[in-house]
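*Asks:* show me how the following folds:
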Amino acid sequence: MARPVDTDPRQTRKRICEAAFRAFGRFGYDGVSMTRLAKESGVTKAALYWHFDSKQTLYADAMRRLIGIFEAHVFDAVADETDPVEQIFAMFSGLEHLVEDPRLADGIAGYWLKPSTAEVESAIAVQQAFEAQASEAIEQVLDEARAANALGVEGSTRDMARAFISLIEAIVLPLGHRSTRDHRRVVRVLAHIFFQAHARAPALAKRAAERLDMAEES
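*Replies:* Numbering: from 1, shown residues only. Reported below is the predicted structural model:
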């Protein structure tokens, strides 16, 4: 197939990726067609298929973009801290500020809709690898916080880390529908509850509230 006329291939590919990321986030894999993506990207279908040979490939790229956003806001911030309690603060702070990322403004719930019209092994593999790495990182932080006697986490920290992943998903699924204020309030309340339940020292729960600027509302 001859390459379609393209004055700036990098910008064209960027437009395609951005349009696909938004569309898959809103409607899921099954709710998006290549015809629609070509129209929303402002390119022909020939140009779309020149840059991406299939919708599956484009979906995998979009999933990697989603993972990259989570890593930048949440897990990179965690990695920047050395104290385990500060790392937990950083995780909640990262979740709080996700709502400010303009790439998520239209919502991302579509990435949790299981595709039924095609096999998307590459995208699923990306998602599963990220969840496994994130769960392992959270488990390590919880283990270190417990060893430092900062948190009284009982039972398996692996199970709690998995619960954290589920909590993160529950927090981000309404993005695009929940207001910025409401999103932040949800994250702050959950952080406060977590430290109230597990902090060895009562002052730690107060510190969590102050760290996330959780003020009393009348």
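
*Asks:* so what does the helix or strand that D143 is a member of touch, helix or strand wise?
*Replies:* Counting by DSSP states H and E, the element that carries D143 is helix 121-147. Judged by 3 or more C-beta pairs under 8 Å, 6 or more residues apart in numbering; DSSP states H and E, helix 121-147 is in contact with helix 55-70, helix 84-97, helix 157-172. Placement of C-beta: from N, CA and C, glycine included.

*Asks:* how far out from the middle of the chain is the lowest-mean-pLDDT helix or strand in the chain?
*Replies:* Each helix and strand of the chain was given a mean pLDDT (mean pLDDT, DSSP states H and E); the minimum falls on helix 202-211 at a mean of 73. Remark: helix 202-211 is offset 25 Å from the chain centroid, using C-alpha atoms, centre = their mean, to the nearest Å.

*Asks:* by how many degrees do that helix and helix 84-97 diverge?
*Replies:* Angular relation of helix 202-211 and helix 84-97 on a 0 to 180 degree scale: 30 degrees, by axes from the mean of the first three to the mean of the last three C-alpha atoms, to 10 degrees.

*Asks:* about what we covered before: just put the helices and strands packed on helix 121-147 in a markdown table and tack on mean neighbour count and distance to Q127.
*Replies:* Supplementary listing: those in a markdown table, determined by neighbours: other C-beta atoms under 10 Å; distance: least, C-beta to C-beta, whole Å:
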| stretch | mean neighbour count | distance to Q127 |
| --- | --- | --- |
| helix 55-70 | 20 | 6 |
| helix 84-97 | 21 | 18 |
| helix 157-172 | 16 | 11 |
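
*Asks:* so who does L98 touch?
*Replies:* With contacts taken as C-beta atoms under 8 Å, 6 or more residues apart in numbering, L98 has the following neighbours: I69, F70, H73, V74, L104, V172, L175, H183.

*Asks:* rebuild those residues as CSV, extending it with distance to K55 and pLDDT.
*Replies:* Converted to CSV, those look like this (distance: C-beta to C-beta, whole Å; pLDDT from 0 to 100):
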residue, distance to K55, pLDDT
I69, 21, 95
F70, 23, 93
H73, 27, 93
V74, 28, 92
L104, 21, 92
V172, 24, 89
L175, 23, 89
H183, 30, 90
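
*Asks:* okay if I get the residues you listed as JSON lines plus distance to F27?
*Replies:* Converted to JSON lines, the contacts of L98 look like this (distance: C-beta to C-beta, whole Å):
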{"residue": "I69", "distance to F27": "18"}
{"residue": "F70", "distance to F27": "20"}
{"residue": "H73", "distance to F27": "23"}
{"residue": "V74", "distance to F27": "25"}
{"residue": "L104", "distance to F27": "15"}
{"residue": "V172", "distance to F27": "17"}
{"residue": "L175", "distance to F27": "15"}
{"residue": "H183", "distance to F27": "21"}
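
*Asks:* which of the residues you listed sits closest to A38?
*Replies:* Sorting those by distance to A38 puts L104 at the head of the list, at 23.4 Å, by C-beta to C-beta.
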